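Chemist: Could you look at this predicted model? Sequence included:
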Amino acid sequence: MNQSLMRYRGRLAVLGGLGLLLAAIVAGCGQETKRQTAAKDSAIDAKMPFGSDADDAQPAAETDADKAVEVTSCDGENKVAVDKDLAGAELAQALLAQWKRDHPGRDWVADEKAAHAFNPPADNADVLQGGQSKGDVYGNFTQRDLVTWSRETEKFVAEGSRIFHGGDALGSTVGVSCDMCHPHASNTHPETYPKFQVQLGRVALLRDMIEWCIENPVRGTHLDPDGPTMRALEAYIMAQRKGAAMNYGKH
Amino acid sequence: MATLKSVETKYLEEREALFRGMRNLDRRSFLKVSAAALGATAGLAAPHSFTPVSVAQEPAGAASQPAFRFAYISDSHLYTKDVNDRFVRGLLRAVDDVNNLDPQPDFVFYGGDLAQLGQVDQLELGAAILKNLKAPLRIMVGEHDWYLDLGQKWRELFGEPTYSFDHKGIHFVVLNSVVEKDFWTERKMTPIERMKTVAGLDNGLQSSFTVGEPQRKWLETDLAKLPDDARVIVFSHSPLYKLYKKWNFWTDDADEVQAILKRFKQIVVIHGHTHQLLTNRIGNIYFHGLLSTAWPWPYAPEGMPELTIQMSRPDPFNPNDGCGDGEVRVHPDGLVDKVYSLWNRNPITVSRTYLASMGKEDIPPKPNRPSY
């Protein structure tokens, strides 16, 4: 692994796992501002693309006699009592562990993936192959870009999957979610849009049919066609049809 | 609540009645049928009346008279009425359908997933609706009935989920094929979280369905007294073969169960869970699926049995399309004609001849649209 990648991975740990906390500390919210710099050198291994995996095995935040300093994170909710000689890395980990305990849904992307396996985004490794030249945008991407693309895209799709599989997330008034009739988004055929929907009497886009299913079988409320819920649903449905040939107008 | 019979249903009932009559022709009825035929040629009868000519068109193997019929209803996935009245109306409609059968079937078989989330009021509502059936009820458990309280309420209402009975020379076996190995304790799931995980067809956190060792032992013992040419019909909620694991269209120990059933000359397995027309034959084991009263499911993207003639894509604009109930006509040889009484389409019969001939004879009508 080359130097820049190392640095990059270090930073990723910060971004992925400690973002909230470090931001808090850097911004001067924590009381131990001097120690935060040590986090940079920490041995935390960022498991790409989902950030730090620091475990939950840290002791709970109880103030006892040995622990002289209490650190509070920016959100005001998380507190951890630490030994006054504690190094920055450990401090950060302790805070993170506490934060994780307080936020059980923190690994929601991984959780969503485990529950409703969805297709991964394209692997762009070829972008990094050879012939990189200055001034050529596509020649200057790094591993970091690839990880960002894939992580962000996957997160978007995971959010769609979460909504697709949850009656509450869809605002269903009849306890019905999309997966009940479309397991793994089967039979949603995004590749066939736009097409003339006989029953609607007009040409429909994928989102029109999603909207129809939300208002009818699901009995939810009208979605803003450009809102985050619709966008996420579209993302998930398209992701699940990866590899199907586009064939608009097909019935 | 009156059920109006569609033109197709009336047509098929008349056809059925005529065939029934033709097979038992004594002199008097022969004259009656001939008179009808004469009337038809003279343009006196209704245009859709059958003439005896139809006898010649009857598929060769179908000549045997069913020994008896039973009706089926399955996969109603009830919420209480205040939450979702459509699924409740689905089950009510099926009960009406079955009560309107004339003559009445010998019994009604319920194929599992009466409730959506196994809740007490859902199961009680289902039990109350099924009490309206005129014919006696036999019932099987599905995963949606089970995983909230691991069968406590279901047992209280319906008894043990594994049992057998004999009817007119056929031995019937009812299994609980939705036994999953514990995936919930380690994940510290609450009962409702466990229930919702199992309720998600595509939820990969759950385990696979099994019949399990204790029930397999029970099955062996239960069948032990029967000779190899006994006539046996087995009910399981999930198909007792491996179709598509990711949706639990699957029973993990299907091979072991099939090994127990294999010694019979021919044996029928009828399953719920898949909400669609589904036909399979593995050696001498004949498999049939059941329709749901709540919603149809897409076909598995891979591994479809060759004998299955898929129903074409359901119309999302008609919530009843692809749903229904049906009948099973049991023949003296123990094989069955499986009738899928689709609510929004012509009924489809998958005959024993079709399976016995490995799909060569008596082929059910193929839809004109792909199932996609």
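Modeler: That came in fine, so what should we check first?
Chemist: any idea where the strands of the chain begin and end?
Modeler: The chain I'm using is chain A. With strands called from DSSP state E, chain A shows them at A:46-47, A:51-52, A:69-72, A:79-82, A:195-197, A:202-204.
Chemist: That was the other one, I meant chain B.
Modeler: Counting by DSSP E, residue ranges of the strands within chain B are B:68-73, B:108-110, B:137-139, B:163-167, B:170-174, B:232-236, B:267-271, B:279-282, B:285-288, B:324-330, B:336-342, B:348-350.
Chemist: so how far is residue B:232 from residue B:65?
Modeler: In this view, residue B:65 and residue B:232 are 20 Å apart by Cβ to Cβ, to the nearest Å. Every residue, glycine included, has its C-beta placed from N, CA and C.
Chemist: So which of the two has more stuff around it?
Modeler: Remark: of residue B:65 and residue B:232, residue B:232 carries more neighbours, 20 against 13, as counted by other Cβ atoms under 10 Å in any protein chain shown.
Chemist: Surely the more buried one and residue B:223 touch.
Modeler: Yes: between residue B:232 and residue B:223 a contact is recorded at 7.0 Å, counting by Cβ atoms under 8 Å.
Chemist: In a markdown table: the strands of chain B, plus distance to residue A:110.
Modeler: As requested, the strands of chain B are arranged in a markdown table below (distance: least, Cβ to Cβ, whole Å):
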| stretch | distance to residue A:110 |
| --- | --- |
| strand B:68-73 | 41 |
| strand B:108-110 | 39 |
| strand B:137-139 | 40 |
| strand B:163-167 | 43 |
| strand B:170-174 | 40 |
| strand B:232-236 | 34 |
| strand B:267-271 | 34 |
| strand B:279-282 | 37 |
| strand B:285-288 | 38 |
| strand B:324-330 | 41 |
| strand B:336-342 | 42 |
| strand B:348-350 | 44 |
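Chemist: any chance of these in JSON lines, plus distance to chain A?
Modeler: Formatted as JSON lines, the strands of chain B follow (distance: least, Cβ to the nearest Cβ, whole Å):
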{"stretch": "strand B:68-73", "distance to chain A": "19"}
{"stretch": "strand B:108-110", "distance to chain A": "20"}
{"stretch": "strand B:137-139", "distance to chain A": "23"}
{"stretch": "strand B:163-167", "distance to chain A": "30"}
{"stretch": "strand B:170-174", "distance to chain A": "26"}
{"stretch": "strand B:232-236", "distance to chain A": "20"}
{"stretch": "strand B:267-271", "distance to chain A": "17"}
{"stretch": "strand B:279-282", "distance to chain A": "20"}
{"stretch": "strand B:285-288", "distance to chain A": "21"}
{"stretch": "strand B:324-330", "distance to chain A": "16"}
{"stretch": "strand B:336-342", "distance to chain A": "17"}
{"stretch": "strand B:348-350", "distance to chain A": "20"}
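Chemist: would a markdown table of these with mean pLDDT be doable?
Modeler: Converted to a markdown table, these look like this (pLDDT from 0 to 100):
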| stretch | mean pLDDT |
| --- | --- |
| strand B:68-73 | 98 |
| strand B:108-110 | 98 |
| strand B:137-139 | 98 |
| strand B:163-167 | 98 |
| strand B:170-174 | 98 |
| strand B:232-236 | 98 |
| strand B:267-271 | 98 |
| strand B:279-282 | 98 |
| strand B:285-288 | 98 |
| strand B:324-330 | 98 |
| strand B:336-342 | 97 |
| strand B:348-350 | 97 |
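Chemist: quick revisit: mutual contacts of residue B:232 and residue B:223, please.
Modeler: Taking Cβ atoms under 8 Å, 6 or more residues apart in numbering or on different chains as the contact criterion, the common neighbours of residue B:232 and residue B:223 are B:171, B:173, B:261.
Chemist: middle-most residue in chain B, spatially?
Modeler: Compute the mean C-alpha point of chain B, and by Cα atoms, centre = their mean the closest residue is residue B:290, 3.1 Å away.
Chemist: Go ahead and confirm it touches residue B:74.
Modeler: Yes: applying Cβ under 8 Å as the test, residue B:290 and residue B:74 come out as touching, 4.0 Å apart.
Chemist: got any residues that touch both of those two?
Modeler: Common contacts of residue B:290 and residue B:74 (Cβ under 8 Å, 6+ apart): B:111, B:272.
Chemist: Give me the phi and psi for the residue nearest to residue B:297 when sequence neighbours are not counted.
Modeler: Closest residue to residue B:297 in three dimensions, ignoring its sequence neighbours and counting by Cβ to Cβ, 6 or more residues apart in numbering or on different chains: residue B:275, at 4.0 Å. Summarising the backbone geometry of residue B:275 under the convention degrees, to the nearest 10, its torsions are phi 50, psi 40.
Chemist: What's the separation between the spatially closest residue to residue B:283 that is not a sequence neighbour and chain A?
Modeler: The shortest distance from residue B:283 to any non-neighbouring residue, by Cβ to Cβ, 6+ apart, is to residue B:262 (6.5 Å). Taking Cβ to the nearest Cβ, to the nearest Å as the measure, residue B:262 and chain A are separated by 31 Å.
Chemist: what does the stretch 101-250 of chain A put close to chain B?
Modeler: Taking Cβ under 8 Å from any Cβ of the partner chain, the part of the stretch 101-250 of chain A that reaches chain B is made up of A:114-117, A:165, A:174-176, A:179-184, A:186-187, A:189, A:199, A:212-213, A:216-217.
Chemist: Show me what from chain B comes close to chain A.
Modeler: B:79, B:83-84, B:86, B:116, B:197, B:200-205, B:246-247, B:295-298, B:301, B:313, B:315-317, B:319, B:372.
Chemist: switch to 6 Å and redo it
Modeler: By the rule Cβ under 6 Å from any Cβ of the partner chain, the part of chain B lying against chain A is B:79, B:83, B:84, B:201, B:202, B:203, B:204, B:205, B:247, B:295, B:298, B:317.
Chemist: Out of those residues, which is nearest to residue A:100?
Modeler: Of all these, the one sitting nearest residue A:100 is residue B:205; the distance, using Cβ to Cβ, is 20.0 Å.
Chemist: which residues does the closest one contact?
Modeler: Taking Cβ atoms under 6 Å, 6 or more residues apart in numbering or on different chains, we find residue B:205 in contact with A:115, B:197.
Chemist: With residue B:215 instead?
Modeler: residue B:162.
Chemist: can you rerun that using 7 Å?
Modeler: B:162, B:175, B:176 (Cβ atoms under 7 Å, 6 or more residues apart in numbering or on different chains).
Chemist: which phi and psi does the residue nearest to residue B:144 when sequence neighbours are not counted have?
Modeler: Among residues not flanking residue B:144 along the chain, residue B:113 sits closest, at 4.3 Å (Cβ to Cβ, 6+ apart). Backbone dihedrals for residue B:113, given as degrees, to the nearest 10, come out at phi 60, psi 50.
Chemist: Would you check how far apart residue B:113 and residue A:202 are?
Modeler: Noted for residue B:113: a distance of 37 Å to residue A:202, by Cβ to Cβ.
Chemist: With residue A:80 instead?
Modeler: Computed as Cβ to Cβ, the residue A:80 to residue A:202 distance reads 58 Å.
Chemist: Please apply the same query to residue A:89.
Modeler: 60 Å.
Chemist: Make CSV from the shared contacts of residue B:232 and residue B:223 and add distance to residue B:212 and neighbour count to it.
Modeler: Converted to CSV, the shared contacts of residue B:232 and residue B:223 look like this (distance: Cβ to Cβ, whole Å; neighbours: other Cβ atoms under 10 Å in any protein chain shown):
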residue, distance to residue B:212, neighbour count
B:171, 21, 20
B:173, 15, 20
B:261, 16, 20
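Chemist: Nearest to residue B:153 among those residues?
Modeler: Among these, and counting by Cβ to Cβ, the member closest to residue B:153 is residue B:173, at 23.5 Å.
Chemist: my guess is that closest one meets residue B:231, correct?
Modeler: No: using Cβ atoms under 7 Å, residue B:173 is not in contact with residue B:231, being 11.8 Å away.
Chemist: Residue B:179: what's its closest spatial neighbour, skipping adjacent residues?
Modeler: residue B:212 (4.4 Å).
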